[in-house]
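> structure for this input, please:
(chains A and B)
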Number of protein chains: 2
Amino acid sequence: MGEEMKAWERRIHRVSPYTPGEQPKMENIVKLNTNENPYPPAPAVQEAIRSFDVQQLRKYPDPAVAELSSAIADTYQVPKDQVFVGVGSDDVLAMSFLTFFHSEDPVLFPDITYSFYDVWAQEFEIPFETVPLKEDFTIDPLDYIPRERGGRREGPIGGIVIPNPNAPTGIDANVSAIRSIVENNPDVVVIIDEAYVDFGATSVLPMINTFDNLMVVQTFSKSRSLAGSRIGYGFGSKKLIKYLSDVKYSFNSYTMDAITMKVGVASLSDPDYFASCCQKIVATREEAKQRLRALGFHFPDSRTNFIFARHESVPAKELFTALREAGIIVRHFNQPRIDNYLRITIGTDQQMQRLYTFLEEYLQQAGWRAGD
Amino acid sequence: MGEEMKAWERRIHRVSPYTPGEQPKMENIVKLNTNENPYPPAPAVQEAIRSFDVQQLRKYPDPAVAELSSAIADTYQVPKDQVFVGVGSDDVLAMSFLTFFHSEDPVLFPDITYSFYDVWAQEFEIPFETVPLKEDFTIDPLDYIPRERGGRREGPIGGIVIPNPNAPTGIDANVSAIRSIVENNPDVVVIIDEAYVDFGATSVLPMINTFDNLMVVQTFSKSRSLAGSRIGYGFGSKKLIKYLSDVKYSFNSYTMDAITMKVGVASLSDPDYFASCCQKIVATREEAKQRLRALGFHFPDSRTNFIFARHESVPAKELFTALREAGIIVRHFNQPRIDNYLRITIGTDQQMQRLYTFLEEYLQQAGWRAGD
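Numbering: from 1, shown residues only, chains lettered A, B, ... in the order given. Alright, predicted model coming up:
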C-alpha cells in the first residue's frame, strides 16, 4: 500500500484474494465463462418466489434447513440424517475441509482442479500436496493409494479431495477408480466433489452405504440453474454428517435464508424439467464436440457443461482475446500445463452457433485450414 | 456414540455444537425468545420479491454485493470502500475474527455477552479471555485499557470485541467509554457489535473516521425485521475493509444470493417505515419497563428490543416454565451470574399484554404482592 504498516495490521490474517470469473456488464454478450446454465430455473421456482409470504422474513430461518433437507433426502433416496445443506457447494466444501482435515498429514488433490481447494487449505492451515494429473489429464487412482495397499503414494495422507468430473478438464473418472481410492483410504475422509455430475457422469452416491469415510458433494448452481441462489449439499454416513453439522452450527447457525429454502424445494419438485434441461445441455455439448473438432480443436471428452479445449495451431490466449472482442466470453487460466486451453461453457444452441460462426471466420482469416 | 472411534474420526475437528434459540411449532404462541421484530419488513420488500425476475438466478450473484453495498453506503453516508456486507452479522463477525485476530495475545470480551464470541474464538483457535462485567452488568472501560495507558489491564491484548448495547443485558455503554477503549488500543482491532443499536442507543460509526482500527458491525435481522434474510454489514477504515474482503473472497466468494441483495436494497429504500417500527418498539419497551417494574421485576435499563429481568421473589426458571406452559416463550440462560434472569423480547403491544396478564395472575397465585 506504500504506507507504513501499523501495529494492528501486523496481527492480521493476510491472504491473496481470489478473483472470481468476471460478470461483464456489456450488452448482447455470449457468456460462456462461468459454467452457468443457459436455461432458467424450473417454473415452480418463479411461483415459489412470487407467492412467498414476506411475514416469514422477520423470523430467523430454520437452522436445520429441514424442509429442504427432507426434499433432498426424498429426491436422492437417502435418510435425512445423511444429508447436509450449505450456502452453495463452496460452503459445504469449506465446512468439510474445516471439519474433516484436522491432522498433520497432507491432504491430496489433483494439480489441475477447482481453484478453491488450495485456498481453503491455506485459509485453515491444512497441510496439502497436489498430485499431478497424467499427461492426458486423467486421474491415476494409484497416486492416491498408499504403497502398502498396492498404490504409489509414499508419504502419509491426511485426506483426499477428488472432483468428479474434474474441472476445468471435464473428465469423468470411472466409478471403480473412485471406489479403489475410497476403499484403500479407510483412515481418512475422502471428499468427491460432484458439482458437474448431472451432465452425464455417474455419481458415487450409493457408495456412502459402504464407506463411512466418504463425503459426496453436489450443487444446485449448474444443473438446476440456481447459481444465484447458493444451494449446495452433501451426503455421507450419519457420523460424518453429524461431525460436519456440529462445526457448521458453531460457525454460523443460521446460514440459508428463508426464501432460498423455498426456491430449493420448488426446484426439486419438477424432476422432468430438470431432466430435460440436462438433456438439452448434453445434446448441445455433443454437437459442440463435433463442431469444435472440425475446427481444429482438441479436448478431453467432457461429461460436464463445459469443454476444455486447445486449438491445434492458434494459441489460447489469442483466441480468448479475439472472442472477447467479439462479445463471446470464455475462461482462460494462466497456469502451468493448461495455459493453452480455453474452458468453454455450453450455452444454448443459438449461443453456441455464434461461437462456431465467429471461430470459423477467425480461423480462416488466421490461415488455418482443416487437415493442414 | 457408544461405538469404537475409527481412525478417520480421530482426525476430525470436533466441536460442541451450539444450540440456537428454539423456533417452536405450536400454534398461537407468543414468541418473545429470539429478539425478532414483531412487525413485518418494509412493504417495498414484498414488492421486490414479487417482481424478482427468476432468470437472474441462473447466473452467479455479484460477489461484491455492489448494489446493496452502495445502498448501505448511501444510507449511512460512508464511502463504499468502507462498507463490508455479509450473510448476517454472524458472518461479518466470524470473518472479522478470522481476519483481525491473528496473534498469540488473547482477545478480550465480556463474560456475559453474545454466546458466539467464544465459539468462534475456539473454532479459529484464537486465544481469548473474558472480562467480568461489573456487579450491575455494565462494562468498565478500564478493564480493556492497558495499565501503561492508565487502565487496569495487566497482560497483552490481541483484540477486543464489545457488543453495544450488550446482549443479553440490554445495557448501552456510553460513547465516551467506547472511545477510550478504542483510543487506548491502537495496536489491535476493536470490534463494536451494534446488532441492537437502532432501538435508541448511539452508534460509534462516526469514529471510523478517527480510528483506523475500529470495526462497527450492524444487522438487518432486528431493526429491519429481516432475520430470515441473513444480511449483516460492517464499517471500518478502507484498510480494514480491504483485509476483511480479501479473507472473505478467499473463503467463499459468492455468499449472498441474488434475491436477498434486492431485499436488502428494498428495505433501505423506506427510511420512514424503518423509523416508525423502531419507534413503536421503543414505546412498547418503555411501557414494558413500567409494567414489569410494577410486577416486582428488576432489570438493567434496556436500549434494545428486549428486557433482561429477574423477579424479586419468584425464580427465573420457575417463571420460564410457567410462561412456556401458557404459550409465552422467553429465553433463559443456564449460566453463572445470569441464571435468575429472563430475556424477554419486545413484541407487539397485544403480545406484551398477554405477558402482563399472565404474570399478574401467576404472581398473585404465587402469593407475591407489590410492596411486600
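> name the residues of stretch A:139-148 that come out as buried.
Neighbour-count burial for stretch A:139-148, counted by 16 or more other Cβ atoms under 10 Å in any protein chain shown, picks out A:139-146. Bear in mind the C-beta positions are built from the backbone N, C-alpha and C, glycine included.
> distance to residue A:283 added to those residues, as a markdown table?
A markdown table is the format used below for the buried residues of stretch A:139-148 (distance: Cβ to Cβ, whole Å):
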| residue | distance to residue A:283 |
| --- | --- |
| A:139 | 27 |
| A:140 | 31 |
| A:141 | 31 |
| A:142 | 35 |
| A:143 | 34 |
| A:144 | 34 |
| A:145 | 37 |
| A:146 | 42 |
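> the stretch 51-200 of chain A against chain B: which residues are in contact?
Within the stretch 51-200 of chain A, the positions adjacent to chain B are A:52, A:54-63, A:87-88, A:90-91, A:94, A:98-103, A:105, A:119-120, A:122-123, A:158-159, A:186-189 by Cβ under 8 Å from any Cβ of the partner chain.
> just the ones of these in strands?
residue A:159 (DSSP state E).
> now the buried members of the residues of the stretch 51-200 of chain A next to chain B.
Buried residues within these, counting neighbours by 16+ other Cβ under 10 Å: A:52, A:54, A:56-63, A:87-88, A:90-91, A:94, A:98-103, A:105, A:119-120, A:123, A:158-159, A:187-189.
> pLDDT weak spots in chain A?
A:1-3, A:18-25, A:251-254, A:372 (pLDDT under 70).
> what's the offset of stretch A:155-166 from the middle of its chain?
Centroid separation between stretch A:155-166 and its chain, computed with Cα atoms, centre = their mean, to the nearest Å, is 15 Å.
> first-to-last residue distance for that stretch?
Chord length of stretch A:155-166, first to last residue, is 24 Å (Cα to Cα, to the nearest Å).
> buried ones in that stretch?
Within stretch A:155-166, the residues that count as buried by 16+ other Cβ under 10 Å are A:157-166.
> now do stretch A:351-364
Those would be A:351-352, A:354-355, A:358-359, A:362-363, for stretch A:351-364 by 16+ other Cβ under 10 Å.
> and residue A:194, how far from residue B:235?
40 Å (Cβ to Cβ, to the nearest Å).
> so between these two, which is more surrounded?
Taking neighbours as other Cβ atoms under 10 Å in any protein chain shown, residue A:194 and residue B:235 compare with residue B:235 leading, 27 against 23.
> what's across from the nearest residue to that one once chain neighbours are set aside in the sheet?
Closest residue to residue B:235 apart from its sequence neighbours, by Cβ to Cβ, 6 or more residues apart in numbering or on different chains: residue B:216 at 4.7 Å. Partner residues in beta bridges with residue B:216, using DSSP bridges, are residue B:192, residue B:235.
> correct me if wrong: residue B:216 contacts residue B:205.
Yes - under the contact definition of Cβ atoms under 8 Å, residue B:216 touches residue B:205, with a separation of 5.3 Å.
> so for these two, which sits in the more crowded spot?
Neighbour totals were compared for residue B:216 and residue B:205, and residue B:216 leads with 25 against 18 (other Cβ under 10 Å).
> so what's the more buried one up against?
With contact set as Cβ atoms under 8 Å, 6 or more residues apart in numbering or on different chains, residue B:216 has these partners: B:191-192, B:194, B:203-205, B:207-208, B:234-236.
> reformat the residues you listed as TSV; add distance to residue B:313.
Formatted as TSV, those follow (distance: Cβ to Cβ, whole Å):
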residue	distance to residue B:313
B:191	39
B:192	37
B:194	35
B:203	38
B:204	39
B:205	42
B:207	43
B:208	46
B:234	43
B:235	45
B:236	47
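> can you pick the most crowded of those?
residue B:234 (29 neighbours).
> list the contacts for that one?
Neighbours of residue B:234 in contact, by Cβ under 8 Å, 6+ apart: B:83-84, B:86, B:89, B:92, B:96, B:215-218, B:241, B:244.
> in helices, which of these fall?
When helices are assigned by DSSP state H, the members of the contacts of residue B:234 inside them are B:89, B:92, B:96, B:241, B:244.
> farthest-apart pair in these, please.
The largest separation in those, counting by Cβ to Cβ, is between B:89 and B:241 at 15.3 Å.
> the two - which one has more neighbours?
With neighbours defined as other Cβ under 10 Å, residue B:89 and residue B:241 compare such that residue B:89 has more, 26 against 21.
> list the contacts for residue A:311?
With contacts defined as Cβ under 8 Å, 6+ apart, residue A:311 is in contact with A:295-298, A:319, A:363, A:368.
> mind redoing it with 7 Å?
A:296-297, A:319 (Cβ atoms under 7 Å, 6 or more residues apart in numbering or on different chains).
> mind exporting the C-alpha coordinates of the helix of greatest length in chain A to PDB?
Secondary structure assigned by DSSP H gives helix A:271-294 as the longest helix of chain A. Extracted C-alpha coordinates of helix A:271-294, given in PDB (Å, rounded to 0.1, in the frame of the first residue of the first chain):
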ATOM      1  CA  PRO A 271     -37.800 -33.700 -11.900                       C
ATOM      2  CA  ASP A 272     -39.000 -33.600 -15.600                       C
ATOM      3  CA  TYR A 273     -37.900 -30.100 -16.100                       C
ATOM      4  CA  PHE A 274     -34.600 -30.900 -14.500                       C
ATOM      5  CA  ALA A 275     -34.000 -33.900 -16.700                       C
ATOM      6  CA  SER A 276     -34.900 -32.100 -19.900                       C
ATOM      7  CA  CYS A 277     -32.600 -29.200 -19.200                       C
ATOM      8  CA  CYS A 278     -29.700 -31.600 -18.500                       C
ATOM      9  CA  GLN A 279     -30.500 -33.500 -21.700                       C
ATOM     10  CA  LYS A 280     -30.600 -30.300 -23.800                       C
ATOM     11  CA  ILE A 281     -27.100 -29.300 -22.400                       C
ATOM     12  CA  VAL A 282     -25.700 -32.800 -23.100                       C
ATOM     13  CA  ALA A 283     -27.100 -32.700 -26.600                       C
ATOM     14  CA  THR A 284     -25.600 -29.300 -27.300                       C
ATOM     15  CA  ARG A 285     -22.300 -30.400 -25.800                       C
ATOM     16  CA  GLU A 286     -22.100 -33.500 -28.000                       C
ATOM     17  CA  GLU A 287     -22.800 -31.300 -31.100                       C
ATOM     18  CA  ALA A 288     -20.100 -28.800 -29.800                       C
ATOM     19  CA  LYS A 289     -17.600 -31.600 -29.700                       C
ATOM     20  CA  GLN A 290     -18.100 -32.300 -33.400                       C
ATOM     21  CA  ARG A 291     -18.200 -28.700 -34.400                       C
ATOM     22  CA  LEU A 292     -15.100 -27.800 -32.400                       C
ATOM     23  CA  ARG A 293     -13.200 -30.900 -33.600                       C
ATOM     24  CA  ALA A 294     -13.900 -29.900 -37.200                       C
END
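> same for that helix, what does it pack against?
Applying 3 or more Cβ pairs under 7 Å, 6 or more residues apart in numbering or on different chains; DSSP states H and E, one finds that helix A:271-294 contacts strand A:306-311, helix A:349-365.
> quick check: closest non-adjacent residue to residue A:335.
Setting aside the residues directly before and after it, residue A:335 is nearest to residue A:112 in space (Cβ to Cβ, 6+ apart), at 7.6 Å.
> burial check on residue A:335, number of neighbours?
By other Cβ under 10 Å, 12 other residues sit near residue A:335.
> phi, psi for it please.
Dihedral pair for residue A:335: phi -140, psi 150, per degrees, to the nearest 10.
> and for the one 10 residues further on?
When read as degrees, to the nearest 10, the backbone of residue A:345 gives phi -70, psi 140.
> right, and it touches residue A:38 too?
No - with contacts counted by Cβ atoms under 7 Å, residue A:345 stays clear of residue A:38, the gap being 8.2 Å.
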